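# Here you go, sequence then predicted model.
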Amino acid sequence: MDKQLPAGMPRFWRDPAIADDHIVWGHLLHFSSLLQNSSGNAGDREEAMYASLSALLIRLGECRPRTDTARQPAAVRLAEEYLRTNIEETVTLETLANLTGLSPWHFLRLFKAAKGLPPHAFQTQLRINLARQLLREGDEIADVAYRTGFSDQCHFSRKFRQFTGATPGQYRAAQGF
């Protein structure tokens, strides 16, 4: 009897166990969709790639993340401070992993466990929080987009709406500007 595969899963997997692993399959689908979306962010693609490979290695191999608990909280704090200090920069996962002395896979899992989201999304959240503050102070939308490190005003508006539910213009209008 032919085993029912998850929707969209190609039938060329040799190991049927992968078809049953919805976590691995979810990571792979997410990564694949980001690769196909040309407007996607490089940081999101990089994190999705590491998450997919990590899930595959953990599922199919014998590797497990190190549990060097003494360094873990310090690594997350160091990375968070670096992201806050370099808010306007596009910081790669590789940069943060090198900064903390951990592998990208280990760092990503560690950061997500501590913060609840990957570093790139965390930095985007920091940028949006700063943007809200600047908009409340009356700064122009284009200036806010530039000062918070977004590639252009359109990208800023799209991310701002995604995180807040309102466009920057709507947010400014609600502040009385």
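Received the coordinates, thanks.
# other SSEs contacting the host helix or strand of Q123?
Per DSSP states H and E: Q123 is located in helix 119-136. Judged by 3 or more Cβ pairs under 8 Å, 6 or more residues apart in numbering; DSSP states H and E, the packing partners of helix 119-136 are helix 42-60, helix 72-85, helix 93-100, helix 104-115, helix 141-147, helix 153-164, helix 168-174. All C-beta atoms are positioned from the backbone trio N, CA, C, and that covers glycine.
# Among those, show me which one is buried the most.
Ranked by mean neighbour count, these are led by helix 104-115 with a mean of 20 (mean count of other Cβ atoms under 10 Å).
# Need the residues that contact that one.
Applying Cβ atoms under 8 Å, 6 or more residues apart in numbering, the contact partners of helix 104-115 are 47, 50-51, 53-54, 57, 65-66, 72-73, 75-76, 79-80, 93-94, 96-97, 100, 102, 118-119, 122.
# Measure how that helix sits relative to helix 72-85, angle-wise.
Angle, helix 104-115 to helix 72-85, by axes from the mean of the first three to the mean of the last three Cα atoms, to 10 degrees: 90 degrees.
# i'd like the first residue to be 592 from this point on
Shifting the count to begin at 592 puts that one at helix 695-706.
# tilt between helix 695-706 and helix 633-651?
100 degrees.
# Can I get helix 695-706 as PDB, trimmed to CA atoms?
Presented in PDB, the C-alpha positions along helix 695-706 are these (Å, rounded to 0.1, in the frame of the first residue of the first chain):
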ATOM      1  CA  PRO A 695      25.600  28.700  13.500                       C
ATOM      2  CA  TRP A 696      23.300  25.700  14.200                       C
ATOM      3  CA  HIS A 697      24.000  25.700  17.900                       C
ATOM      4  CA  PHE A 698      23.700  29.500  18.200                       C
ATOM      5  CA  LEU A 699      20.400  29.600  16.200                       C
ATOM      6  CA  ARG A 700      18.800  26.900  18.400                       C
ATOM      7  CA  LEU A 701      20.100  28.600  21.600                       C
ATOM      8  CA  PHE A 702      18.900  32.000  20.600                       C
ATOM      9  CA  LYS A 703      15.500  30.800  19.600                       C
ATOM     10  CA  ALA A 704      15.100  28.900  22.800                       C
ATOM     11  CA  ALA A 705      16.100  32.000  24.900                       C
ATOM     12  CA  LYS A 706      14.300  34.700  22.900                       C
END
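# Cheers, nothing more for now.
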